[in-house]
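Q: here's my sequence, what's the structure:
(chains A and B, ligands or ions: 2)
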Amino acid sequence: MDPGLRRRRARGRFLARLLDMLPSERVFHSADVRFGLIYAALFGISAAALAAFVWWSTAGLLLRQTEAAIDADVLGLTERYNEGGTAAVRDTIQQRLAANLDDDAIYMLVDPAFRPIAGNLDRWPSVPLDDDAFDLEIRRARGLSKVRVRHFDLPGGYQLLVGRDVEVRGQLRGMLQNALLWAAFIAVLLGTVGAWAVRGLFRATLAEISATAMAISAGDLTRRVRVTGQGEEFDLLAETINDMLDRISRLMDGVRQVSNAIAHDLRTPITRARTRLEDAALHATCEADLRAAIERATADLDGVVSVFQALLRIAEIEAGARRSAFVPFDAAPVLADLADLYCAVAEDGGLVLETDIAPEVQLFGDREMIQQAVANLLDNAIKFSPPGGVVRLAARQGPAGIEIGVADQGAGIPKADRARATQRFFRGETARSTPGSGLGLALVQAVATLHGGALALEDNDPGLRAVLRLPVQAERAALPPA
Amino acid sequence: MFAGRLILPAALAAGIGLGAAHAQHDSGPPPRMTSDTREYCDALAGRVAREQLSARNPAPEASALAQEGTQLCAEGRVAPGIVRLRRAWVILQAGD
Ligand SMILES: Nc1ncnc2c1ncn2[C@@H]1O[C@H](COP(=O)(O)OP(=O)(O)OP(=O)(O)O)[C@@H](O)[C@H]1O
Ligand SMILES: [Mg+2]
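A: Numbering: from 1, shown residues only, chains lettered A, B, ... in the order given. Ligands and ions are numbered 1, 2, ... in the order given. From the prediction side, this is the model:
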């Protein structure tokens, strides 16, 4: 085969392999590489800026100083020329050469035919006459030397050359250049290592988070991001993510629990109604039996509907839509009316309802909701108290806010159950025999939260004291945002 | 292929040639500095001596430097000689 062709083919293969080795476009789009590159770029820019400054303030300064000295010289000489012509310039040049302790000055004055008049060069160098300042090489006793010169046209066709020997400065410059080159090499090395490290660091920190996210999206909801315990920003991020995951799982537990409870609690009355209707259909002998069965089934289903209504109402309150209807009102008459209403119920249960309501209880909120909440508390107190006890409704306006308390002398709620008592469908062990669906306290809690307050369940020794604490009207600004 | 391989050295050579042509139009040696020669040293010695004569009361260290410088120039040690003569000159100028 033709050797040229073979070589060309080999080169093609080599190029193809080189292209394969180049990172694909995707690599540059990954965040860690990007951060590494950003780091390298920043590092490079700062290193370059530093080098430029060093150069400017050393080699650059030397050059500027030389130029300034030459300029001053030229200025002085042209002045002398204007005063006394070439003779004066020659004198001045000779004096300046005699006083040139640094032994670095170059002068040359020639007439229009380039014949030397004064100066310390043996002949006019071949210089580009259009150039103003340039570098030149001259022979000195110690060898070749580089000089920086300025060329100047004097009136009358005379030409002036003023320069400085910069050989020593040039050596300094070379040394500096060398040093900067080495520094650049080291900077590139450090920048590469640093970029690599940044990329690795970034990757390591994100790896944990993305591993957790991946595990969670794969179904393992118990996974959490590992916190290194160094208290830095990534730890903060990890903690925030963990908090978020905790909250999500709590909410999901709540939803699961509520839907389980709905299914569980509603199955009983619905099954009961169904059984009744089926029973009646099979065994009823007369129309009256049938009608009675239907009525009882309807009552059962009414219970189901009321549970749904209560649930929807709590959801509505929690959504906060009703807050726009808040008005300032005096709760004292509302509470008094409630007490009147429940007095009879309490008497039926063999209980005494006492009241201790302040003459004025100014509230900012929804009158109907407050009424409903206190009614639920009174209902519980009467329902869960054995006969002979006292139920006490108290309301007062303290400096910290308004307190509406309902206290009874019944069994109370065991400490362990208090936190759960306000959850939807929670019913204590002792409440199994009493009617109810476990939504009363959940509604009270929702109302309290909506009004920017809280529901506290406290010991009344014996019995329970449920206290609704609401902010005073002036603090309406403290309400949580809708 | 051969042409391709020749381009780079040719360009390099051309670049170097251009640079050289720019620095030096004629091919002659660079100009010579005349202020570090034996002749300049002698001329400067004469100039310093004249200045010494014309000065009303020349500083003694200037005289010493001038003498030393002239001596060094005579011995052919031009560079140190010129340095001393210049120092003497500067002192004499400052004295006026
Ligand atoms: N005053 C109280 N004394 C003792 N236990 C109480 C009292 N109030 C509430 N509880 C307990 O808290 C549980 C939840 O009360 P909640 O009012 O939410 O439900 P309920 O009264 O059982 O049903 P509902 O209010 O929906 O008719 C009750 O089942 C009961 O176990
Ligand atoms: Mg209740």
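
Q: tell me the buried residues in whatever helix or strand residue A:394 lives in?
A: Applying DSSP states H and E as the criterion places residue A:394 in strand A:390-398. Buried residues in strand A:390-398, counted by 16 or more other C-beta atoms under 10 Å in any protein chain shown: A:391-395, A:397. Glycine gets a C-beta too; all of them are placed from N, C-alpha and C.

Q: what sits up against stretch A:35-47?
A: Here stretch A:35-47 makes contact (C-beta atoms under 8 Å, 6 or more residues apart in numbering or on different chains) with A:28, A:183-184, A:187-188, A:190-192, A:194-196, A:198-199, A:202.

Q: at 10 Å what do you get?
A: A:28, A:30, A:183-184, A:186-188, A:190-203, A:206 (C-beta atoms under 10 Å, 6 or more residues apart in numbering or on different chains).

Q: list only buried entries from those.
A: A:187, A:191, A:194-195, A:198-199, A:202-203, A:206.

Q: make JSON lines from these and add distance to residue A:53, secondary structure and pLDDT to it.
A: Shown next, in JSON lines, are the buried ones among the contacts of stretch A:35-47 (distance: C-beta to C-beta, whole Å; DSSP: H, G, I helix; E, B strand; the rest coil; pLDDT from 0 to 100):
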{"residue": "A:187", "distance to residue A:53": "14", "secondary structure": "helix", "pLDDT": "87"}
{"residue": "A:191", "distance to residue A:53": "18", "secondary structure": "helix", "pLDDT": "86"}
{"residue": "A:194", "distance to residue A:53": "21", "secondary structure": "helix", "pLDDT": "86"}
{"residue": "A:195", "distance to residue A:53": "23", "secondary structure": "helix", "pLDDT": "86"}
{"residue": "A:198", "distance to residue A:53": "25", "secondary structure": "helix", "pLDDT": "82"}
{"residue": "A:199", "distance to residue A:53": "29", "secondary structure": "helix", "pLDDT": "83"}
{"residue": "A:202", "distance to residue A:53": "30", "secondary structure": "helix", "pLDDT": "79"}
{"residue": "A:203", "distance to residue A:53": "34", "secondary structure": "helix", "pLDDT": "81"}
{"residue": "A:206", "distance to residue A:53": "36", "secondary structure": "helix", "pLDDT": "80"}
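
Q: out of the residues you listed, which comes closest to chain B?
A: Proximity of the buried ones among the contacts of stretch A:35-47 to chain B (C-beta to the nearest C-beta) peaks at residue A:187, which lies at 29.1 Å.

Q: which residues are in contact with the closest one?
A: Contacts of residue A:187 by C-beta under 10 Å, 6+ apart are A:43-44, A:46-48, A:50-51, A:180, A:194.

Q: count of residues packed around residue A:77?
A: Close neighbours of residue A:77, defined as other C-beta atoms under 10 Å in any protein chain shown, add up to 22.

Q: wait, it sits on residue A:160?
A: Yes. Counting by C-beta atoms under 10 Å, residue A:160 is a contact partner of residue A:77 at 6.2 Å.

Q: joint contacts of the two?
A: In contact with both residue A:77 and residue A:160: A:89, A:93, A:107, A:109, A:118, A:152, A:154, using C-beta under 10 Å, 6+ apart.

Q: quick one: the strands in the stretch 351-482 of chain A, in order.
A: In the stretch 351-482 of chain A, the strands defined using DSSP state E, counting those that start in this stretch lie at A:352-357, A:362-365, A:390-398, A:401-407, A:454-459, A:464-470.

Q: I'd like the ones you listed as a markdown table, with mean pLDDT and distance to residue A:100 appended.
A: As requested, the strands of the stretch 351-482 of chain A are exported to a markdown table (pLDDT from 0 to 100; distance: least, C-beta to C-beta, whole Å):
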| stretch | mean pLDDT | distance to residue A:100 |
| --- | --- | --- |
| strand A:352-357 | 95 | 110 |
| strand A:362-365 | 91 | 95 |
| strand A:390-398 | 94 | 97 |
| strand A:401-407 | 95 | 94 |
| strand A:454-459 | 94 | 94 |
| strand A:464-470 | 95 | 96 |
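
Q: where does the chain have low pLDDT?
A: In the absence of a named chain, this looks at chain A. A:1-29, A:129-131, A:231, A:473-482 (pLDDT under 70).

Q: can you look at chain B instead?
A: Looking at chain B by pLDDT under 70, you get B:1-27, B:96.

Q: which bits of it sit near chain A?
A: B:1, B:22-38, B:40, B:43-44, B:47-48, B:51, B:78-79, B:82-83, B:85-90, B:92-94 (C-beta under 10 Å from any C-beta of the partner chain).

Q: ChimeraX command for the buried members of the residues you listed?
A: Command for ChimeraX, covering only those of these found buried under the criterion 16+ other C-beta under 10 Å:
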select /B:23,24,30,31,33,34,35,36,37,40,43,44,47,48,51,78,82,83,85,86,87,88,89,90,92
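
Q: which of the residues of chain B next to chain A fall within helices?
A: B:22-23, B:38, B:40, B:43-44, B:47-48, B:51, B:78-79, B:82-83, B:85-90, B:92-94 (DSSP state H).

Q: stretch A:436-454 and ligand 1 in contact?
A: Yes. Applying C-beta under 6 Å from any ligand atom, one finds that stretch A:436-454 is in contact with ligand 1 at A:436-442.

Q: looking at those, which are in helices?
A: Per DSSP H, the residues of stretch A:436-454 next to ligand 1 map to helices at A:440-442.

Q: now, which of the residues you listed sits nearest ligand 2?
A: Nearest to ligand 2 among those is residue A:440, at 2.6 Å by C-beta to the ion.

Q: could you give the number of residues near that closest one?
A: Around residue A:440 there are 21 residues (other C-beta under 10 Å).

Q: quick check: closest non-adjacent residue to it.
A: residue A:376 (4.1 Å; C-beta to C-beta, 6 or more residues apart in numbering or on different chains).

Q: name all residues that make contact with that neighbour.
A: A:310, A:406, A:439-444, A:447, A:466.

Q: residue A:144 looks like it's in a helix, true?
A: No. Read with DSSP: H, G, I helix; E, B strand; the rest coil, residue A:144 is strand and lies in no helix.

Q: how many neighbours does the residue nearest to residue A:377 when sequence neighbours are not counted have?
A: Leaving aside its sequence neighbours, residue A:377 sits nearest to residue A:406 (C-beta to C-beta, 6+ apart; 4.0 Å). The number of residues packed near residue A:406 is 28, by other C-beta under 10 Å.

Q: so residue A:406 makes contact with residue A:465?
A: Yes. When contacts are counted by C-beta under 10 Å, residue A:406 is listed as touching residue A:465 (7.3 Å).

Q: mutual contacts of the two, please.
A: Residues touching both residue A:406 and residue A:465 by C-beta under 10 Å, 6+ apart: A:377, A:381, A:392, A:394.

Q: please name the nearest non-neighbouring residue to the last one.
A: When you say that, I think you mean residue A:394. Counting by C-beta to C-beta, 6+ apart, the residue nearest residue A:394 is residue A:356, at 4.2 Å.
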